[in-house]
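# this is a predicted model, with the sequence first.
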Amino acid sequence: MIETNSSIVNRDELLSALLSAIMRWQDETQSFDEAVREKMGINSAEGRCLSLLYHGPQSAGAIARVSGLTPAAVTALIDRLEARGFLTRTRSTEDRRKVVVGATQKTRDLSARYYGGIAREGEKMLRAFNDAELGTILEFMTAAADLQHNELRKLKTSDTD
């Protein structure tokens, strides 16, 4: 098990410490991702596209939905990334009108270079928890991601600034 601050004596202090840790993790993740994008010479929308491709080839429409970009902007983004060797574009075998975008070996190599250490060390860290703790962590992470997704959707559809 991971050592925690043993000076925390009550639930309110524990919740406060946990919320602070979450904010720190989000900030550190954002800073790391920004540094990786800088090393790769890509912007945040391009990085989001490449991140989406980690899960396998995607349609241009799926990239537009996830990124919030217009179809024309996604086409330009795909053009830029394809020209720099980060992705390939092919016609769908099911529907020739659709374009399928996939990561290249260059992208997979860069991903392994920049994120491989975090993935390996993160797995080691998680292995320190028992099955029940891992279940709790998974439940939390899923709920936290859903919360972020729902708040983002509300923010994007809000009429007020």
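Yes, it's here. Residues are numbered from 1 along each chain as shown.
# when you work out contacts or count neighbours from here on, use the C-alpha atoms and nothing else.
OK.
# could you pull out the helices in the chain for me?
Taking DSSP state H as the criterion, the chain carries its helices at 11-40, 44-53, 60-67, 71-83, 105-127, 131-157.
# what's the angle from the fifth one to helix 44-53?
Here helix 105-127 runs at an angle of 70 degrees relative to helix 44-53 (axes from the mean of the first three to the mean of the last three CA atoms, to 10 degrees).
# and helix 105-127 with helix 11-40, angle?
If you take the same axes, to 10 degrees, helix 105-127 sits at 160 degrees to helix 11-40.
# for helix 105-127, buried residues please.
Neighbour counts over helix 105-127 (16 or more other CA atoms under 10 Å) mark Thr107, Leu110, Ser111, Tyr114 as buried.
# would you reformat the helices of the chain as TSV and include mean pLDDT and distance to Ser92?
Formatted as TSV, the helices of the chain follow (pLDDT from 0 to 100; distance: least, CA to CA, whole Å):
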stretch	mean pLDDT	distance to Ser92
helix 11-40	96	28
helix 44-53	93	15
helix 60-67	89	11
helix 71-83	95	16
helix 105-127	97	20
helix 131-157	94	29
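# which of those helices is buried the deepest?
helix 44-53 (a mean of 18; mean count of other CA atoms under 10 Å).
# quick one: that helix to chain centroid distance?
8 Å (CA atoms, centre = their mean, to the nearest Å).
# again with stretch 52-70
Per CA atoms, centre = their mean, the centroid offset for stretch 52-70 relative to its chain is 12 Å.
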